[in-house]
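[1] Sequence and predicted structure below; questions after.
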Amino acid sequence: MLSKIKIKIIPSNLILAFYLLYPTQLLSEMISRWEIIEVGQKSIFFIDRESIVVNEDVGRIWQLQDYRDVMRLPPQSISTQMDYNCSTSKNRIFVQYHHTGVMSKGRLSVANIEGKDDWTPIKKNSKEARIFRIICEKDPLINAIPKPTKAVNTESKKNVGTKDEVITDGKKKADLSN
């Protein structure tokens with residue numbers, strides 16, 4: 001008879017322990033899910049390392065921008081799923097959600113269409129470059145931005161000694177001859 005009483009007590013204690021410990025586990029998962037990647041003047045940027053998926057040369061990760069000050073109008077936070085191309089060192093927004101609450105909580109106010117944005121080059125010393133290093137496990141290839149070249153004034157150049165036609169404003173000026 002005593003053994004039957006012990007069996008009934010143990011499961012009820014386990015159930016009680018489960019109910020008491022389970023919420024703290026959930027809370028710790030919510031807090032530890034986001035890792036700070038950059039602290040800006042107006043917002044804090046986070047990434048979720050557990051969401052990283054690499055398929056061929058494209059890595060995908062969830063990012064979160066949480067505004068530091070309470071905004072009068074939403075959004076208070078923006079969650080974005082970003083694609084990073086490891087072979088071309090470019091990134092794009094795959095999908096983006098605007099939330100009325102902090103840390104991607106609250107009502108969803110705006111969402112973009114999947115894959116809408118174009119691929120853009122990753123800039124040197126940016127948060128995107130740091131995230132690229134985490135996903136692709138290498139430094140991004142940063143291309144130097146080409147400087148604009150001066151336009152050549154073709155009207156000032158004359159073809160002396162040839163029989164070429166000089167055209168300005170769509171009209172023939174003259175045939176040059178020796």
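    That came through fine. Numbering: from 1, shown residues only.
[2] ranges for the strands of this structure?
    Assigned by DSSP state E, the chain shows strands spanning 35-39, 43-55, 58-67, 77-85, 90-99, 108-111, 120-121, 165-168, 171-175.
[3] Neighbouring strands of the fourth one in the sheet, and parallel or not?
    Sheet neighbours of strand 77-85, with direction, are listed as strand 58-67 (antiparallel), strand 90-99 (antiparallel) (DSSP bridges).
[4] tilt between it and strand 43-55?
    40 degrees (axes from the mean of the first three to the mean of the last three Cα atoms, to 10 degrees).
[5] The closest residue to residue 142 other than its chain neighbours - how many residues pack around it?
    Leaving aside its sequence neighbours, residue 142 sits nearest to residue 124 (Cβ to Cβ, 6 or more residues apart in numbering; 4.6 Å). In short, each C-beta sits where N, CA and C put it, glycine included. When neighbours are defined as other Cβ atoms under 10 Å, residue 124 has 11 of them.
[6] So residue 124 is in contact with residue 141, correct?
    No. Between residue 124 and residue 141 there is no contact under Cβ atoms under 8 Å: 10.5 Å.
[7] re the thing from before, what's the spacing between the residue nearest to residue 142 and residue 100?
    Computed as Cβ to Cβ, to the nearest Å, the residue 124 to residue 100 distance reads 35 Å.
[8] what's near enough to touch residue 49?
    Shown in contact with residue 49 (Cβ atoms under 8 Å, 6 or more residues apart in numbering): 35, 61, 134.
[9] Nearest approach to residue 128 belongs to which of the strands of the chain?
    strand 90-99 (5.5 Å; Cβ to Cβ).
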